[in-house]
Structures are given as structure tokens and as C-alpha cells.
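# I need the structure of the sequence given here:
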Amino acid sequence: MNESIKGRVRTYVVRLDEQMNGGIPHGHVVLISGNPGTYKSSFAYNVLYHNAKEQNKRGLYISFQQSRESLEDQFTSLNIPYEDVEERITIVDVGYLRQTTKPHPEDWIDVFKRYVDNIRATSHYDLLVVDSLTTLEIISQVDDKRETLFHLFEWLRGFKNLTSLLIVERPFKEEIMYEEEFLADGIIYLSKERVGRMDTQRFLSIDKMRATKHNTSYFTLIFNEGRFQVTRVLRE
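Down below sits the predicted model:
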């Protein structure tokens, strides 16, 4: 195995892994952050999909927002269909549970933890996606957000060889940092911006990634024929 990717989770985004010395370090808790319509869910699932196909790694995708059917349709439309990897990736629709169960709001983080514990008790998973941490925070209505997230992130790090991708909604990139950004091991920020009068482009930056050198430049994010790739931002 190439030394540069030993102990790493590859994103399989063309030209991205080399920007962080081979990929995301194993065991990290990483935020996939950005404004709506920036491919956050698809980007995170793409990591699960290609790791399942190329490395036989197992992934767990927990959705608090979209239904499983909606997610499957979304991924199929991007030519990364769930049916290709359904033996190695599990999608859990917690949104359905929200409709049929009425726990107290502050219990939702415990509900999430029990789900993960129960699933991992029967199957080992290498990668976890939570879609989204923002929704989990809202429905939990915690009093001390920083303390709650600290314990949640430490709990995730306590799983041996589990790398977590937590999707976070940000309407736009702000100068202030949120609690989860201080606590996370990494932040991959996705954005969508108007370019010129008619065009819209998507961009990516690695804002933070502990335990590895990484490029902090902005890149253009492109999706084409079932593959994400990043390129240098072209400026006029």
C-alpha cells in the first residue's frame, strides 16, 4: 500500500485526497459543511459508495431529513446507485422514526446513540454519515450545546476505526466559528456561488484537518459521470 494513504480514508474525489496527504485520517470526526444545494449529502455518500466498491468497507448512513427512498433516487440520478453497494452500506431513515415515535426532544441524541450501538452490535462499520448534525441539534434542543457535542464527538471517536462524516447546514460562510467546528477533527466546506450574470459554480475548501498537512485553497467542485473532482479555481 502507498505510504501516503496508509491509515487514511480516501474520498475518491479526483485530485482531492492528494490535497490532504492521502485522505481523511482514520477515526476522525469530520464536518461536511455548507449552504443548501452544494452536494453535501451526495459528497458524503460518495465517500461511502466508493470505499464500499473499491475497498470493501462498510458504511452506515443515518438520515434525519430525507427518506430512504428519496436518497436512493438522488444517488441513482447521480450514477452512484445504492443498489450497487446495498450489501455493504446501510441507510437508516430516522425521519420515519420521528414521525412514528414521540420521545422528549432532549432524548433524540440518546435515540441516535442507541441506533448506532444496536446496529454496530451486529455489523461492523468503517464509515458513518449523519445527515444532518444540524437537524439532530435542532430536535434535541439541548441546553449546553458545546458540552453535549463534546461528549457526542468523544463517543464517536470511542468506536475503534470508525470515521464519521457529519453534515452541517451553513447558509453562508461566516467569520465566527460554531461549537462543532472547534470540536471536530476536520471541516470540508462546500459552497455555491454566482459567477458572472448567468452561471453558478460549486466550490470546496479543506478548512481544517487535524493530524495531516492539507491545502487550504479554494477549489472548484465538479460532478461528472458519477465522479466528483476538484480543480483549481479559474479566475478571470
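# Mind listing what's buried along stretch 185-200?
185, 186, 187, 188, 189, 190, 191, 192 (16 or more other C-beta atoms under 10 Å). In this view, the C-beta of every residue, glycine as well, is placed from N, C-alpha and C.
# For the second one, which residues count as its bridge partners?
Beta-bridge partners recorded for residue 186 (DSSP bridges): residue 30, residue 209.
# Was I right to think it contacts residue 205?
No. Using C-beta atoms under 8 Å, residue 186 is not in contact with residue 205; the gap is 11.6 Å.
# Below-threshold pLDDT in this protein: ranges please.
1-6, 101-106, 172-177, 234-236 (pLDDT under 70).
# residues contacting residue 36?
169, 171, 192 (C-beta atoms under 8 Å, 6 or more residues apart in numbering).
# right, and the secondary structure at the second one would be what?
With DSSP: H, G, I helix; E, B strand; the rest coil as the basis, the three-state label of residue 171 is coil.
# Out of the contacts of residue 36, which comes closest to residue 76?
Top of the list for closeness to residue 76, among the contacts of residue 36 and by C-beta to C-beta, is residue 192 at 22.2 Å.
# which residues does that closest one form a beta bridge with?
Bridge pairing for residue 192 - DSSP bridges - gives residue 202.
# can you pull the contacts of it?
Applying C-beta under 8 Å, 6+ apart, the residues near residue 192 are 34, 35, 36, 37, 38, 200, 201, 202, 203.
# Export those residues to CSV and append columns for distance to residue 115.
Formatted as CSV, these follow (distance: C-beta to C-beta, whole Å):
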residue, distance to residue 115
34, 25
35, 28
36, 26
37, 28
38, 27
200, 36
201, 37
202, 31
203, 33
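# what's the most distant pair in the residues you listed?
36 and 201, at 15.3 Å, using C-beta to C-beta across the contacts of residue 192.
# still on that earlier bit, most neighbours among the contacts of residue 192, which one?
Per-residue neighbour counts (other C-beta atoms under 10 Å) across those peak at residue 34, which has 27 neighbours.
# Disregarding residues adjacent in the polypeptide, which is nearest to that one?
Using C-beta to C-beta, 6 or more residues apart in numbering and skipping residues adjacent in sequence, the residue nearest residue 34 is residue 190, 3.5 Å away.
# Name the helix or strand for that neighbour, please.
strand 186-195 (DSSP states H and E).
# who touches residue 44 in this structure?
32, 61, 129, 131, 165, 167.
# Out of the residues you listed, which sit inside strands?
32, 61, 129, 131, 165, 167 (DSSP state E).
# Please enumerate the strands of this structure.
Listed in chain order, the strands of the chain (DSSP E) span 8-9, 24-25, 29-34, 59-63, 89-93, 127-131, 163-169, 186-195, 199-209, 218-224, 227-232.
# tell me what the longest one is packed against?
For strand 199-209, the helices and strands in contact under the criterion 3 or more C-beta pairs under 8 Å, 6 or more residues apart in numbering; DSSP states H and E are strand 186-195, strand 218-224.
# Columns distance to residue 114 on top of these, output as CSV?
Putting the helices and strands packed on strand 199-209 into CSV (distance: least, C-beta to C-beta, whole Å) gives the following:
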stretch, distance to residue 114
strand 186-195, 26
strand 218-224, 35
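# Can you say which of those strands is nearest to residue 82?
Closest approach to residue 82 among the helices and strands packed on strand 199-209 is made by strand 218-224 (16.9 Å; C-beta to C-beta).
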